[in-house]
Structures are given as C-alpha cells and as structure tokens.
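Participant: predicted model follows, preceded by the sequence.
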Amino acid sequence: MTLLHLKYAVKVADVGSMNEAAKQLLISQPSLSAAIRALEEETGIDIFKRTNKGVYVTAEGSAFLEHARFIVAQYDYIEHQYVRAHEKKKRFAVSTQHYAFAVCLIHLLQPQHRSHCP
C-alpha cells in the first residue's frame, strides 16, 4: 500500500466513479481500477461496491477511507509547510531582439500611425 493508492481511493470515493476519478487523476481507468483492486486485496476488504451506475463505498470502506483521508491530509500539510514553502519560485522569460524595421512596418500598415516612421 502506498500513499498513491490512498489518494486514488479517496478520489474515487469523492467522485463516485472510476472513470471520472481516472480523468481527474490523469491516469487510465484500467490502471486506476487495478490499483484499487490491489489495495482491496492487500487490505482484505472491499472498499467499494461496483455497479453499472458507479461505485459506492462499503461500510468497511467508509472506516478505511476515514483513515486514508487523514493520512493524505497530513501528507499534504507536511508537503505544503516544508516542501513547497522552501521551493524557489521558478521564472520563465522570453526575450527577442527588437527590430526597428518591424515596428515601422506595423506602423506603415496602419494608416493612423504612418507619421511615426521615416
């Protein structure tokens, strides 16, 4: 069981659909289903009841997800407090050479600006 498995289970429970959870997690639905099935096999409980209309949290799953949400929240807190807080902001810049003739060309194409160029 990994933190990623817990995050997957929490997302599926929140949206009530494997397909929608997979879209939001940016993974394929079969990969998400396999991860959830592996988590259920490892824990020995059925976290979700699968139907044609979606997935529903079982009674055992509800207790499990309560703990999973706590763990995920604690991880997010630690990451926010200690990891992201010390990251340097990344900068992105684009530079180009200024060509005076290009500016004049634009001005020449616009009649109201023709007086600005030689």
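Facilitator: Noted; the coordinates are in hand. Keep in mind it's a predicted model, so treat the numbers as computed, not measured.
Participant: kindly list the longest helix within this protein.
Facilitator: Determined from DSSP state H, the single longest helix within the chain is helix 59-78.
Participant: got a list of what the spatially most central residue of the chain touches?
Facilitator: The C-alpha lying nearest the average C-alpha coordinate of the chain belongs to Leu25 (Cα atoms, centre = their mean; 5.7 Å). Shown in contact with Leu25 (Cβ atoms under 8 Å, 6 or more residues apart in numbering): Lys7, Tyr8, Lys11, Leu32. For every residue, glycine as well, the C-beta is placed using N, CA and C.
Participant: for the second one, which non-adjacent residue is spatially closest?
Facilitator: In this structure, Tyr8 finds its nearest non-sequential neighbour in Ala35, 5.3 Å apart by Cβ to Cβ, 6 or more residues apart in numbering.
Participant: repeat for the first one
Facilitator: Sequence neighbours aside, Val72 is the residue nearest to Lys7 in space, at 5.6 Å (criterion: Cβ to Cβ, 6+ apart).
Participant: over to Lys11?
Facilitator: Of all residues beyond its chain neighbours, the one nearest Lys11 is Ala21 (4.6 Å), with distances taken as Cβ to Cβ, 6+ apart.
Participant: for the helix or strand encompassing the one you found, give the mean pLDDT please.
Facilitator: If you go by DSSP states H and E, Ala21 is part of helix 18-25. When the per-residue pLDDT values of helix 18-25 are averaged, the result is 95.
Participant: same question for stretch 25-34: list its buried residues.
Facilitator: Residues of stretch 25-34 classed as buried by neighbour count (16 or more other Cβ atoms under 10 Å): Leu25, Leu32, Ser33.
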